[in-house]
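Student: Following is a predicted model, sequence given first.
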Amino acid sequence: MEYQALRTFIAVVEEKNFTRAGERLNLSQPAVSLHIKQLETEFQAQLLDRSPKHLYVTAAGEILYKRAVQMLNMYQKTQEELFAHLHTVTGTLRIGASFTIGEYILPGMIAQFSTSYPDVDIQVMIGNTDQVVKGVKLLQYDIGLIEGQVQDQELVMHPFMNDEMVLAVPIKHRLAGKKTIQIDELHDETWIVREEGSGTRVYTNHVIRSLGLRTDKLITLGSNQAVTEAVIIGLGITVISRWVIQRPLQYGELACPTIQGHTFPRMLSYIVPPHIERTRLLDAFISKIL
């Protein structure tokens, strides 16, 4: 007994017409007739009573129709269950993330991912970029999410998101009331910076160097939160991801004047070992963040 023949029989019964059943299934009328004939031969019973103007379902046809609907529904359900079994993503995903990503971006990603893949356990380690790179190379993490770029033959790196770095100053700072400032207005300031090995520190150093700024002194702190709080209380100024200071900006605790003629974009990237075969779980996560 063929699946297609049962589909055809169901369509004929429901449409009460061979032509309409064929149109519904994209079959020719001879093909519809052949399917019905095959079923009648197999069951050795007349299933339909046909006349030039009418089509009636026989008692045997009623029995087959009921069972055919059940069988096709069961077939479809089996298809769905097998597909789910073969494509279910389970296991534990180990993620290393730099501070900006891990504290401000990754939670939203995990929420979306967990909605699609509820059976996956996720472990996250948050550290600076150097720590994440080291962890991925040692296979402590399945994937690393970092700020900026690394040049390392032991890693494959792909960008996944744009980020914007901004100048942040205390709300009572002399520059806080200006929308746009000139470079020379930033000389001899105290800068609040992240520790060495941090992607944010690398970018801050780049900004200070590229703008040719004279600095009064540097205050080094080990987290984005500490840097933000230091700026809020007036210890100095900083360059930091806009993700980090969304709330302080919203509550009027910081100001972000732009520097005339300068913007500070950067890429956020994921890194994986090139020699390790990617799992279905890792592929699912990567496709979700891209």
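Tutor: Right, received. Where do you want to start?
Student: What is the burial count for the closest residue to Gly236 other than its chain neighbours?
Tutor: Using Cβ to Cβ, 6 or more residues apart in numbering and skipping residues adjacent in sequence, the residue nearest Gly236 is Thr190, 3.5 Å away. For every residue, glycine as well, the C-beta is placed using N, CA and C. Residues lying near Thr190 (other Cβ atoms under 10 Å) number 15.
Student: same question, Glu15
Tutor: Glu15: 17 neighbours (other Cβ under 10 Å).
Student: Could I get the contacting residues of it?
Tutor: Taking Cβ atoms under 8 Å, 6 or more residues apart in numbering, we find Glu15 in contact with 21, 24.
Student: so what's Lys179 closest to, chain neighbours aside?
Tutor: Going by Cβ to Cβ, 6+ apart, Lys179 has Pro257 as its nearest residue, at 6.2 Å.
Student: which residues touch that neighbour?
Tutor: Contacts of Pro257 by Cβ under 8 Å, 6+ apart are 167, 169, 175-176, 178-181.
Student: Could you tell me whether Gly177 really is in a strand?
Tutor: No: counting by DSSP: H, G, I helix; E, B strand; the rest coil, Gly177 falls outside a strand, being coil.
Student: wait, it sits on Cys256?
Tutor: No: applying Cβ atoms under 8 Å as the test, Gly177 and Cys256 come out as separate, 12.0 Å apart.
Student: With neighbour numbers in mind, choose between the two.
Tutor: Remark: of Gly177 and Cys256, Cys256 carries more neighbours, 15 against 10, as counted by other Cβ under 10 Å.
Student: I'd like to know how far that one sits from Leu39.
Tutor: Distance, Cys256 to Leu39, using Cβ to Cβ, to the nearest Å: 74 Å.
Student: same question, Leu235
Tutor: 84 Å.
Student: tell me the contacts of Thr129?
Tutor: Per Cβ under 8 Å, 6+ apart, neighbours of Thr129: 98, 146-148, 150, 197-199, 202.
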